[in-house]
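*Asks:* sequence first, then the predicted structure:
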Number of protein chains: 2
Amino acid sequence: MEVKEFDSETYDVIVVGAGHAGSEAALAAARMGEKTLLITINLDMVAFMPCNPSVGGPAKGIVVREIDALGGEMGRNIDKTYIQMRMLNTGKGPAVRALRAQADKNMYHREMKNTLEKEPNLTLRQGIAEKLIVEDGVCKGIVTATGAKYHAKSVVLTAGTSSRGKIIIGELTYSSGPNNSIPSIKLSEDLEKHGFKLTRFKTGTPPRVNKDTIDFDQTIEQPGDKEPNHFSFETPDSSYLQHQISCWMTYTNADTHKIIRENLNRAPMFSGVIKGVGPRYCPSIEDKIVRFADKPRHQIFLEPEGKDTQEYYVGDFSTSMPEEIQLKMLHSVAGLQNAKLMRPGYAIEYDVIEPWQLKLNLETKVVKNLFTAGQMNGTSGYEEAAGQGIMAGINAALRAQGKDPFILHRNEAYIGVLIDDLVTKGTNEPYRLLTSRAEYRLILRHDNADLRLTDKGYALGLINDDRYNAFKEKRQTIKMELDRLSRKMITPKQALPFLKAHDLKPLKDGVLADHFLRRPEVHYQDIIDMVGAADFPVDNRVAEQVEIATKYAGYIKKEQLQIDRLKKMESKKIPARLDYTKVDSLATEAVQKLSKINPETIAQASRISGVNPADIGILSVYIEQGKIAKLPEAN
Amino acid sequence: MEVKEFDSETYDVIVVGAGHAGSEAALAAARMGEKTLLITINLDMVAFMPCNPSVGGPAKGIVVREIDALGGEMGRNIDKTYIQMRMLNTGKGPAVRALRAQADKNMYHREMKNTLEKEPNLTLRQGIAEKLIVEDGVCKGIVTATGAKYHAKSVVLTAGTSSRGKIIIGELTYSSGPNNSIPSIKLSEDLEKHGFKLTRFKTGTPPRVNKDTIDFDQTIEQPGDKEPNHFSFETPDSSYLQHQISCWMTYTNADTHKIIRENLNRAPMFSGVIKGVGPRYCPSIEDKIVRFADKPRHQIFLEPEGKDTQEYYVGDFSTSMPEEIQLKMLHSVAGLQNAKLMRPGYAIEYDVIEPWQLKLNLETKVVKNLFTAGQMNGTSGYEEAAGQGIMAGINAALRAQGKDPFILHRNEAYIGVLIDDLVTKGTNEPYRLLTSRAEYRLILRHDNADLRLTDKGYALGLINDDRYNAFKEKRQTIKMELDRLSRKMITPKQALPFLKAHDLKPLKDGVLADHFLRRPEVHYQDIIDMVGAADFPVDNRVAEQVEIATKYAGYIKKEQLQIDRLKKMESKKIPARLDYTKVDSLATEAVQKLSKINPETIAQASRISGVNPADIGILSVYIEQGKIAKLPEAN
Ligand SMILES: Cc1cc2nc3c(=O)[nH]c(=O)nc-3n(C[C@H](O)[C@H](O)[C@H](O)COP(=O)(O)OP(=O)(O)OC[C@H]3O[C@@H](n4cnc5c(N)ncnc54)[C@H](O)[C@@H]3O)c2cc1C
Ligand SMILES: Cc1cc2nc3c(=O)[nH]c(=O)nc-3n(C[C@H](O)[C@H](O)[C@H](O)COP(=O)(O)OP(=O)(O)OC[C@H]3O[C@@H](n4cnc5c(N)ncnc54)[C@H](O)[C@@H]3O)c2cc1C
């Protein structure tokens, strides 16, 4: 029988899919005052973590802080639900320091769901979006499986790995979303009908084992930090979790590798069963064995999935080998000889919208007022999804309000790097954010995400007055303290005890406090011991900023100069619908790439692979001349 | 590509499906010392409640107590996870009193999953059972989708509503297990291949709405009890939940009924979309409107789904109407005018093993050492499922141990009534346990489930020594106190204050305390006030037993006499493979029914519908004569 369609409610913004991207998107739009619908296949899988039960880590942790500074939820949510918190790379510079939390997986889901449920402008509903309502190239809403037509000013799709999902374990393949949920089939078909180019990616997850069957004596403990740290700038140190749960480390060995190598003919990655492209930076263990054939062992992390479960995630052991082989692989590892498998690892193949079809505001070029975010844009990872999610939600809300797009540039945030990379360079494998992808690493730190982005979050209406005032006070205090130290002189006598203790030569003359702080062995507290505290309160977060800003002033200044140059290029807009075939002397490859990506600025154009500096020069001159050949309107 | 099968582990007992039946089955088998595998499609749906977030109520609550007395888990699990506890029918006799708890749905799942994870002899694993291993008519194990062959001495299937599940909402139908989980397809096909007769049943669930959009002022509060009560005989009163969450009551009205009536042509139940038979005692609201056309309104209960969610279950409003109509129906109800739908109601159609194919120990007649339990046997309800589950688990374990079956008779437990009804009478609609189904209601009370069944649980090894000793002490104390009161004389003077206070005539002569207690207005405490307390401790649970045993002594005795008569019939065994066609003068219908059901005793035969007392007489004589015509061995 044909499902009868009916006009259901009208919203300002509709978000499809309540994964990590969709949850942020819907909250951002609702908090910006837009009446928002969030529709998702299964309410019991809101903000579900199908893979590692953890948030943060290098680059990703910075994104979480950025989301938080913009008023997003991921940071607050993990701060409410973590079971372990660790600062990584503490021995290294501030640019690569990263916070990482082990999550209580189920609690993470419950908290996020409840936050969505309580958000006043937001309706959270179980349902399956199957079709877009598109009129004259403009998205006007969606139709669900039950025939409900929802109208809206803008629509955000965040379908994740459910889109025509296919689970793969050895020779077994079957149609399924993550963790045996029903997949989304019709939406993909509809997107193709509207002219979108989809491609297939794959990702994988490792087995889970029962804690009671792990021999922890053969593994190395990874306890949480004692020093309080949080993702959200709102979370007070006082709420730091005292009783944290440890993770554990072990290694693969020659036996493991032998088992894998002997069974590569049954590995879907190599046997041809998997057609989708997998993530280079989250490879399966079989992939690692093949690619790094001479490595004698690989680390494995045993991570608890929550407070009230015995399930342990076998981190860095992702596999889609047949279950038979998975069992052998597992049992070859120290500590896991008798481990009971609770869930086999599996790979999932799914549809992705090739991201060159998107603009920098995550709107699709093909259909106006339609935005996409998350795994379906070709990324991998919860944080990458959430970062895009909040941006798509903000932009969908701005569109509903008839306002200009909100774009974060590469020099402003890792989120900016991520989106610019996707949209400008595209990706032919699941894209993961890495520190190395950013040009301005000393500026895009996790500790200063609030300084970089709170103003913007406030301007968007996503940061409330209380928080904004507290932030402004923090910023002001940093300034005052930097100022004070730049004028305060340390006398040789004041410095003497410190220098003696460190076996260093005494000072001959006085030296300014901020100059002294630049010495590698000196910390902020040492300076205070010498010159005394300010007559205004300076907490440890302010002290951290003062110290970093002072110590790395030279490098930061250099990055800032580069950024200023970039900004000039970014300000050179490329007119819409420019007909590149009409630009004399552009190389053929440049014409093709520029026509496909349709960059919005000369800076963006310069980042497209295959577009050379010569092409950029020609293009700049062409635009400056002002006689622009244009393509006809899309519709 | 063909999935390669491999020999995985060997177990004593394998249980398929970790719903309410499977969880009990696996725990029982493991606790009886059997190495047990519990395999289920989705570990995040262990003991999942796809419908009402509550446990207990009339008849069902008694089953929970019985499960507990046998050493099962449902009682303990709900005691750890309820958000409201209520004793129903307190104004009525003890036979119909019933405990009912509102569950935190997610927590109920988490607790049960964690209990399963921690059980030493138990392996809980995600996987999809697709085939039975059957050799010479004996079940030897299962094969999963990933090709894992598990061998075992006995197998329990508890596939619930997932078997070829089909979700139905108005005109929409799609293949799915409960709540958009992937269904189990191949196991059904395999069962048919082995000769099982499957049939289609259906059940339905109501919409869920967001608490923040309910106008509670228009509804009637249903608070929890202040007096402590628990399901498990192990749970101490001291752990009673102080801050309970209320439920709320409202009503349908003429508008609601009009909306439903005007749209019956789109109701899958009436339009022909639903082929499966629905539950008579959990009808959909559209069914109620049709069947009770003159009822001006129906009660609706608004029930919280948990502590940390805004989801509310709209109880007694189950529907598979199109979403369009569901919204109108909802919004016509007082308090729900502006309610935001979170999940639409839906019906699900699924495969059922016609239960005449089972023996009283829940073993299938077709395949030896194969047991089935729960919704797939044709019942409906978590408690009915769990009750069968523990029995199937026990019997599978006993079979693995080479021991005789464990059967509960109709006079011993509601679980006995349930299984006997299923196996003997079959069912052509989802079977729900009702108080009226039991003949011996005064004996099968919820308050005495421990007295009825703890000995058996202990003998099976499911009750530990501590608990058993406490139980024996309780039983002994009841006996001692009953004894004391049967000898203690109340003098007219002792009775006077009580009688005066109740405006009753003074006694002329002394009267025995237990006789006096039989007066309707007298309670145990009154007696104590007159004759003084015993010199041994009598807690309120003992007092309750003393009072009920005394007050209802006459009725209980009558039921006991009936039971004794029944027992004689139950002891008349019918030889296996009796060829009924060779029994002279049996009515044709009786021959057919008896051949189909293959009753194990004359008593069971007498309960088969279509088998008359005359047939029973003929059969009894035939068996007594001893010359029995037999059918050939099944294989
Ligand atoms: C098996 C597996 C392994 C993974 N391994 C890794 C890894 O190693 N490293 C890593 O970084 N990341 C990994 N991931 C990816 C990680 O899960 C995703 O990056 C992240 O969840 C993406 O978030 P999202 O919001 O884009 O999509 P999801 O979290 O998938 O959420 C999408 C949501 O949309 C819903 N939805 C889809 N279609 C519809 C529709 N038509 N109508 C309504 N709702 C719809 C879905 O039900 C789902 O709730 C893995 C994922 C899976 C499944
Ligand atoms: C929509 C809906 C409405 C309902 N309404 C009511 C109601 O109004 N009143 C009422 O009393 N009851 C109702 N029920 C029924 C109630 O949910 C069941 O009675 C109860 O859950 C049955 O328990 P079970 O253990 O038999 O099955 P389930 O709880 O369904 O558990 C079966 C388990 O087996 C797993 N499984 C299935 N096949 C396989 C396989 N091949 N391999 C591995 N695992 C497998 C499933 O994933 C599931 O976890 C409803 C159920 C549904 C779905």
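*Replies:* That came in fine, so what should we check first? Ligands and ions are numbered 1, 2, ... in the order given.

*Asks:* domains in chain A, by residue range?
*Replies:* Domain segmentation of chain A under the TED database yields A:206-346, A:465-560, A:571-623.

*Asks:* out of those domains, which gets the lowest mean score?
*Replies:* Lowest mean pLDDT of the domains of chain A: domain A:571-623, a mean of 91.

*Asks:* any idea how far it is from the middle of the chain?
*Replies:* Relative to its chain's centre, domain A:571-623 lies at 29 Å (Cα atoms, centre = their mean, to the nearest Å).

*Asks:* what ranges in the stretch 51-200 of chain A fall below the confidence cut-off?
*Replies:* Nowhere does the stretch 51-200 of chain A drop to pLDDT under 70.

*Asks:* all strands for it, in order.
*Replies:* For the stretch 51-200 of chain A, applying DSSP state E, counting those that start in this stretch gives strands covering A:54-56, A:82-88, A:98-103, A:122-126, A:129-135, A:138-144, A:148-151, A:154-157, A:166-169, A:172-175, A:198-205.

*Asks:* now swap in the stretch 251-400 of chain A and tell me
*Replies:* Remark: strands assigned in the stretch 251-400 of chain A by DSSP E, counting those that start in this stretch are A:299-304, A:311-315, A:341-343, A:346-353, A:370-372.

*Asks:* deepest of the ones you listed, which one?
*Replies:* Most buried of the strands of the stretch 251-400 of chain A, by mean neighbour count (mean count of other Cβ atoms under 10 Å in any protein chain shown): strand A:370-372, with a mean of 28. Every residue, glycine included, has its C-beta placed from N, CA and C.

*Asks:* briefly note if it comes near ligand 1.
*Replies:* No - judged by Cβ under 6 Å from any ligand atom, strand A:370-372 makes no contact with ligand 1; its nearest approach is 9.5 Å.

*Asks:* what's that strand packed up against?
*Replies:* Packed against strand A:370-372 by the contact rule (3 or more Cβ pairs under 8 Å, 6 or more residues apart in numbering or on different chains; DSSP states H and E) you find strand A:154-157, helix A:382-400.

*Asks:* ok, the residue nearest to the spatial centre of chain A - contacts?
*Replies:* By Cα atoms, centre = their mean, chain A has its centre lying nearest to residue A:384, at 2.3 Å. For residue A:384, the contact set (Cβ atoms under 8 Å, 6 or more residues apart in numbering or on different chains) comprises A:60, A:63, A:374, A:418, A:431-433.

*Asks:* go on, residue A:244?
*Replies:* So residue A:244 contacts A:83-85, A:223-225 (Cβ under 8 Å, 6+ apart).

*Asks:* try it again at 6 Å.
*Replies:* Residues in contact with residue A:244 (Cβ atoms under 6 Å, 6 or more residues apart in numbering or on different chains) are A:84, A:224.

*Asks:* residue in the stretch 151-300 of chain A with the shortest distance to ligand 1?
*Replies:* Closest contact between the stretch 151-300 of chain A and ligand 1, by Cβ to the nearest ligand atom, is at residue A:160 (1.9 Å).

*Asks:* if you could redo that for the stretch 351-500 of chain A, that was the one I meant.
*Replies:* residue A:374 (2.3 Å).

*Asks:* element containing the residue nearest to that residue when sequence neighbours are not counted?
*Replies:* Leaving aside its sequence neighbours, residue A:374 sits nearest to residue A:21 (Cβ to Cβ, 6 or more residues apart in numbering or on different chains; 2.9 Å). Using DSSP states H and E, residue A:21 sits within helix A:20-31.

*Asks:* average pLDDT across that helix?
*Replies:* Rounded to a whole number, the mean pLDDT of helix A:20-31 is 98.

*Asks:* distance from that helix to the middle of the chain?
*Replies:* On the basis of Cα atoms, centre = their mean, helix A:20-31 sits 14 Å off its chain's mean C-alpha point.

*Asks:* for that helix, packing partners?
*Replies:* Contacts defined by 3 or more Cβ pairs under 6 Å, 6 or more residues apart in numbering or on different chains; DSSP states H and E place helix A:20-31 against strand A:13-16, strand A:36-40, helix A:382-400.

*Asks:* what pairs with the second one, parallel or antiparallel?
*Replies:* Strand A:36-40 has these partner strands in its sheet, going by DSSP bridges: strand A:13-16 (parallel), strand A:122-126 (parallel).

*Asks:* now these as JSON lines including mean neighbour count and distance to ligand 2?
*Replies:* What follows is the strands paired with strand A:36-40, written out as JSON lines (neighbours: other Cβ atoms under 10 Å in any protein chain shown; distance: least, Cβ to the nearest ligand atom, whole Å):
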{"stretch": "strand A:13-16", "mean neighbour count": "32", "distance to ligand 2": "24"}
{"stretch": "strand A:122-126", "mean neighbour count": "24", "distance to ligand 2": "13"}
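
*Asks:* want to throw those into TSV with distance to residue A:214?
*Replies:* Output for the strands paired with strand A:36-40, formatted as TSV (distance: least, Cβ to Cβ, whole Å):
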stretch	distance to residue A:214
strand A:13-16	39
strand A:122-126	36
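
*Asks:* show residues contacting stretch A:299-306.
*Replies:* Taking Cβ under 6 Å, 6+ apart as the rule, stretch A:299-306 contacts A:53, A:102, A:104-106, A:245, A:247-250, A:311-313, A:315-317.

*Asks:* quick one: contacts for residue A:416?
*Replies:* A:408-410.

*Asks:* just put the helices and strands packed on strand A:370-372 in CSV and tack on distance to ligand 1.
*Replies:* Below are the helices and strands packed on strand A:370-372 laid out as CSV (distance: least, Cβ to the nearest ligand atom, whole Å):
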stretch, distance to ligand 1
strand A:154-157, 8
helix A:382-400, 3
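
*Asks:* can you say which of the strands of the stretch 51-200 of chain A is packed in most?
*Replies:* By mean neighbour count, with neighbours taken as mean count of other Cβ under 10 Å, strand A:154-157 ranks first of the strands of the stretch 51-200 of chain A at a mean of 31.

*Asks:* contact residues of chain A facing chain B?
*Replies:* Listed as neighbours of chain B in chain A under the rule Cβ under 6 Å from any Cβ of the partner chain: A:1, A:3-4, A:6, A:41-42, A:110, A:114, A:117, A:123, A:125-126, A:145-146, A:148, A:169, A:171-172, A:176, A:180, A:182, A:308-310, A:323-324, A:340, A:342-343.

*Asks:* my read: residue A:349 touches residue A:202, true?
*Replies:* Yes - counting by Cβ atoms under 6 Å, residue A:349 does reach residue A:202; the two are 4.4 Å apart.

*Asks:* nearest to residue B:562, out of the domains of chain A?
*Replies:* Closest approach to residue B:562 among the domains of chain A is made by domain A:206-346 (47.5 Å; Cβ to Cβ).

*Asks:* which SSE is the residue in the stretch 501-635 of chain A positioned nearest to chain B in?
*Replies:* Here the stretch 501-635 of chain A gets closest to chain B at one residue, residue A:541, 30.0 Å apart by Cβ to the nearest Cβ. Using DSSP H and E, residue A:541 sits within helix A:540-551.

*Asks:* ok, and what's touching that helix?
*Replies:* Here helix A:540-551 makes contact (Cβ under 6 Å, 6+ apart) with A:94, A:447, A:477-478, A:481-482, A:514, A:517-518, A:524.

*Asks:* which SS class is the residue located most distally from the centre of chain A?
*Replies:* Centroid-distance maximum for chain A: residue A:508 at 49.8 Å, with Cα atoms, centre = their mean. Following DSSP: H, G, I helix; E, B strand; the rest coil, we place residue A:508 in the coil state.

*Asks:* tell me which residues of the helix or strand where residue A:482 lies are tucked away?
*Replies:* In this assignment (DSSP H and E), residue A:482 forms part of helix A:465-487. For helix A:465-487, the neighbour count (16 or more other Cβ atoms under 10 Å in any protein chain shown) marks A:467-468, A:471, A:474-475, A:477-478, A:480-482, A:484-485 as buried.

*Asks:* other SSEs contacting it?
*Replies:* If you count contacts as 3+ Cβ pairs under 6 Å, 6+ apart, helix A:465-487 packs onto helix A:449-460, helix A:513-517, helix A:540-551.
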